[in-house]
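Student: show me the folded form of this:
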Amino acid sequence: MSAASPAAAASLRQDAAIISLVGFAHGTSHFFHFVIPPLFVMLMREFGLSFTQVGAVMSVFFVVSGVGQALAGFAVDRFGGMRVLCGGVGLLALSGLAYASAGSYPMLLAAAAVAGLGNCVFHPADYTIMNRRVSQPRLGHAFSVHGLSGSLGWAAAPVFVLAIAQVHGWRAACVGASIVGFVALGLLVANRRLLQDVSRVHHADAPAGREGFFAFLGSGVVWMCFLFFFLSVMAFGALQNFAPPLLASSYGISFTVATSALTAYLIGSAAGVGTGGFFAARGDEGRRVALSLAAAALCAVALASAWPPAWSVVPVMGAMGFGVGFAGPSRDMLVRRAATTAFGTRAFGRVYGFVYSGIDAGLALAPLVFGPLMDAGRFTQVLWGVAALQGLAIATALAVGGRARR
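Tutor: From the prediction side, this is the model:
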């Protein structure tokens, strides 16, 4: 027992360090999701843009990220997650400087493309590092921290960006975001040996019963996972881009209160992720995800019906975020089980890269679908769209759970 205790303590310290570093990097990627949306009003004035045009900046970001993420998984399987992760964080840091120096709308779109290229690496790299470097009993908590850090990155960005922009302007806010990216890159480089996973690629389990580098594309459960991410995150994309003006116009509240409602959603999501980590390893992930999203969909229906009083918008948004966040760790465990059962650990990067590109696809399409509704003043229809997408995501979650069990 005395010999095992120091080894167990060392394992715990190493797992905690890896989880913290990967989580901070993931939080940085989500931070960059929200660098531009809080500045929409300023950018619309600066460049004479509509909601649809300014939303297209984020569409470029997520189109590039979605295509790149599917390809980044192959790079992760070949070169290891740590190297690819550092490259992505570096590109995000540079994109902040590109945003700050933009002198025209096309330059904004180009900067968004650079940011999207940096963002594309995180899910295949992060999940590969955690699956290969974190002890199996702590994976549920690792996925929880990973999701929690992303939610905190989302919550921190609007506060950080607006605090700088209101005093020094939107360009200074983008420079500040760039500094955050360079700090994250420095931490990863300083701890690169701890995160190094490439040596384990060659000793990973062989795929179970299926051969070929692209064999995962023939798996129905992989495509169902992709569809689940696409639907659920497209619903979030509507809120990410348009929640403050949407809620302000629908409920007659101030822009500050409406922004607080979005912050409540993000904080609620973070709390849900943290709580969901304690349930992620208990099995029946598909049903747990479906129930959590059902609660979130009911909140969206309530907001769309305009039934809640204006004072309740902030807590209802927080409750919706909690439901979405609670589903996160169980969702990640479900994807891991589906991937390893069919293809072993060697295809982690490819499977995670493709499946999680559904997130980018949903976020890329959301501004193009909901932006014209915002321009037309059809605010209630946006909220009903959010509820409908969450309902469809529930059906796919149940289907993924059933297929993974079989």
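Student: list the contacts for the closest residue to Phe326 other than its chain neighbours?
Tutor: Using CB to CB, 6 or more residues apart in numbering and skipping the chain neighbours, the partner closest in space to Phe326 is Gly272 (3.8 Å). All C-beta atoms are positioned from the backbone trio N, CA, C, and that covers glycine. With contacts defined as CB atoms under 8 Å, 6 or more residues apart in numbering, Gly272 is in contact with 292, 321-328.
Student: at 10 Å what do you get?
Tutor: The contact partners of Gly272, by CB atoms under 10 Å, 6 or more residues apart in numbering, come to 144, 147-148, 151, 292, 295-296, 318-329.
Student: quick check: which element contains it?
Tutor: Per DSSP states H and E, Gly272 falls inside helix 255-276.
Student: dump that helix to CSV, restricted to CA.
Tutor: What follows is helix 255-276, C-alpha atoms only, in CSV (Å, rounded to 0.1, in the frame of the first residue of the first chain):
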residue,chain,number,x,y,z
PHE,A,255,-29.4,45.9,-24.1
THR,A,256,-27.4,45.6,-20.9
VAL,A,257,-30.0,43.3,-19.3
ALA,A,258,-30.3,41.3,-22.6
THR,A,259,-26.5,40.8,-22.6
SER,A,260,-26.8,39.7,-19.0
ALA,A,261,-29.3,37.1,-20.1
LEU,A,262,-26.7,35.7,-22.6
THR,A,263,-24.1,35.7,-19.9
ALA,A,264,-26.6,33.8,-17.6
TYR,A,265,-27.0,31.2,-20.3
LEU,A,266,-23.2,30.8,-20.6
ILE,A,267,-22.7,30.6,-16.8
GLY,A,268,-25.6,28.2,-16.5
SER,A,269,-24.0,26.1,-19.2
ALA,A,270,-20.7,26.0,-17.3
ALA,A,271,-22.6,24.9,-14.1
GLY,A,272,-24.4,22.2,-16.0
VAL,A,273,-21.2,20.9,-17.5
GLY,A,274,-19.5,20.8,-14.0
THR,A,275,-22.5,18.9,-12.6
GLY,A,276,-22.9,16.6,-15.6
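Student: tell me the buried residues in that helix?
Tutor: The neighbour-count check on helix 255-276 (16 or more other CB atoms under 10 Å) flags 257-274, 276 as buried.
Student: circling back: so for the residue nearest to Phe326, what's the pLDDT?
Tutor: Listed pLDDT for Gly272 reads 86.
Student: quick one: it and Met58, what's the gap?
Tutor: 24 Å (CB to CB, to the nearest Å).
Student: over to Val167?
Tutor: Val167 is 24 Å from Met58, by CB to CB.
Student: give me the more crowded residue out of the two.
Tutor: Each of Val167 and Met58 has its neighbours counted (other CB atoms under 10 Å); Met58 has more, 26 against 9.
Student: which helix or strand contains the more buried one?
Tutor: helix 51-79.
Student: which neighbouring elements make contact with that helix?
Tutor: helix 4-33, helix 40-47, helix 81-100, helix 105-119, helix 122-133, helix 198-201, helix 220-251, helix 348-375 (3 or more CB pairs under 10 Å, 6 or more residues apart in numbering; DSSP states H and E).
Student: next SSE after the last one?
Tutor: Tracing the chain past helix 348-375, the next element assigned as helix or strand by DSSP H and E is helix 379-405.
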